[in-house]
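Engineer: Below are the sequence and a predicted model; questions follow.
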Amino acid sequence: MSWSLEPNPLSLAIAQKQKSGAHLLDLTISNPTHISNYPHSQIAAALSAVRDFRYHPDPFGLPGAREGVAGLYRELGLDIPVSRIALAASTSEAYALLFKLLCDPGDEILIPTPSYPLFEYLAALENVRTVPYRLAYDGAWHIDFAHLRRQISDRSRAIVLVNPNNPTGSFLKKWECDTLFALAAEHDLPLISDEVFLHFEFGSDPARVRTLASFPHFLSFSLNGLSKTAAMPQMKLAWIVLNGPAADVERARQRLELLLDTYLSVNTPVQLALPALLEIGDWLRSEIRARTGRNLRTCRQALSPSAAHPLHAEGGWSVILQFPQTRSEEEWIELLLGENVLLQPGYFFDLHGGAYAVASLLPDPEIFAEAMQRIAKLLAIA
């Protein structure tokens, strides 16, 4: 717990803006429950339909709930046995369980950069070190395998993938898999694949790999949950899909059962309501895909005449904006805040080598469009 607990300068500047009564166009919002047409009554009905509240603890989760998860993979053309699905309260908890499973104190987990700034905290709370490996950008994002290889040590215990990545929106490609799998096999490193945004593609591409659950030749753990897949972070249900050679999967499964049985963290009502929640989630996914796609098009159109541009994105809920290096990243963020536009600075996600900002694609389209217009106007005079 050695992290600074003091608010950073950006947080203080935002608080001052809010105190002054300014109306911020907030492009950092990533909470889907705040969208205007969120289906509160339908979710209430799904929970109200639960009639049996008896407790039947199962370390891996109730079979009916796991069958519901298996149904999501059948929609992708994959037949996942429920015996290889384990429920957790969140993907954050799933990471913590897997770090416990795979690591001793002082061991290392390889994590991609740029990426969401949560891994350092999750790993440190398990007495595990994070070691970053680079994603390179040359008009599209890809793994820098030379750098990944250099980062592997005798304390490395797993490679984390975020597929598609947050915030880059990049998917793992088939051409990357052969190298990645060979590297993992060479060093006996299981793969932890965070796939929470797999249902949120921008267009289609046959070269993409959407889930590692379809590759049976090495040990991997695919993570997902209601938070993104059904846009229901408040429901607190996620899952781990174990995949790989039967002996490796069974060995991991036996040990994971002990960890899951220690916590039994997933509540019964949400498991029983899961089939109905997943049906509601189908509609929510469609709504969010339409919104994020519209906002991404707005972003590209609004900034096309300007000196800033969005980097290539293939999926997810965010877009990275690259600004001219005539000013520092902090200066651009400060100038935009002066126009009441709030973006996340790139350094929050370990973006380096330029002036970057990350914009959520979830805000109301009218708010998003107004924010893009203000950004373009500022660029014209800055």
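Structural biologist: Great, that's in hand.

Engineer: for the chain, where's the lowest mean pLDDT among helices and strands?
Structural biologist: helix 9-19 (a mean of 88; mean pLDDT, DSSP states H and E).

Engineer: how near is Asn165 to Ala290?
Structural biologist: Using Cβ to Cβ, to the nearest Å, one obtains 22 Å as the distance from Asn165 to Ala290. Any C-beta I mention is one placed from the backbone N, CA and C, and that applies to glycine too.

Engineer: Output the contacting helices and strands for the longest helix that the chain contains.
Structural biologist: Longest helix of the chain, by residue count under DSSP state H: helix 274-303. Helix 274-303 is packed against helix 40-48, helix 63-74, helix 226-229, strand 309-310, strand 318-323, helix 365-381, with contacts defined by 3 or more Cβ pairs under 8 Å, 6 or more residues apart in numbering; DSSP states H and E.

Engineer: How about residues contacting the longest one?
Structural biologist: By that I understand helix 365-381. Residues outside helix 365-381 that contact it (Cβ atoms under 8 Å, 6 or more residues apart in numbering): 25-27, 291, 294-295, 298-299, 302-303, 305-308, 321, 323-324, 335-336, 339-341, 359, 361, 363.

Engineer: okay, now the closest residue to Glu67 other than its chain neighbours: neighbour count?
Structural biologist: In this structure, Glu67 finds its nearest non-sequential neighbour in Val82, 5.6 Å apart by Cβ to Cβ, 6 or more residues apart in numbering. By other Cβ atoms under 10 Å, the residues close to Val82 number 17.

Engineer: you'd agree Val82 is up against Pro63?
Structural biologist: Yes. Using Cβ atoms under 8 Å, Val82 makes contact with Pro63 at a distance of 6.0 Å.

Engineer: Show me how the record splits the chain into domains.
Structural biologist: The chain breaks down into these domains under automatic domain parsing: 9-38+285-381, 50-278.

Engineer: Quick one: end-to-end distance for the shortest one.
Structural biologist: Spelled out, that is domain 9-38+285-381. One end of domain 9-38+285-381 sits 25 Å from the other (Cα to Cα, to the nearest Å).

Engineer: Same question for stretch 152-161.
Structural biologist: With Cα to Cα as the measure, stretch 152-161 spans 15 Å from end to end.

Engineer: got the buried residues for it?
Structural biologist: The neighbour-count check on stretch 152-161 (16 or more other Cβ atoms under 10 Å) flags 152, 156-161 as buried.

Engineer: Closest to Glu314 out of those residues?
Structural biologist: In terms of Cβ to Cβ, no member of the buried residues of stretch 152-161 lies closer to Glu314 than Leu161, at 14.3 Å.

Engineer: what's the helix or strand for that closest one?
Structural biologist: strand 156-162 (DSSP states H and E).

Engineer: partners of that strand, with directions?
Structural biologist: Counting by DSSP bridges, the strands paired with strand 156-162 are strand 108-113 (parallel), strand 191-194 (parallel).

Engineer: And for whichever helix or strand comes after the shortest one, what's in contact with it?
Structural biologist: Scanning the chain past strand 191-194 towards its C-terminal end, the next helix or strand to appear is strand 208-209 (assignment: DSSP H and E). Strand 208-209 has contacts (Cβ under 8 Å, 6+ apart) with 163, 171-174, 176-177, 201, 314.
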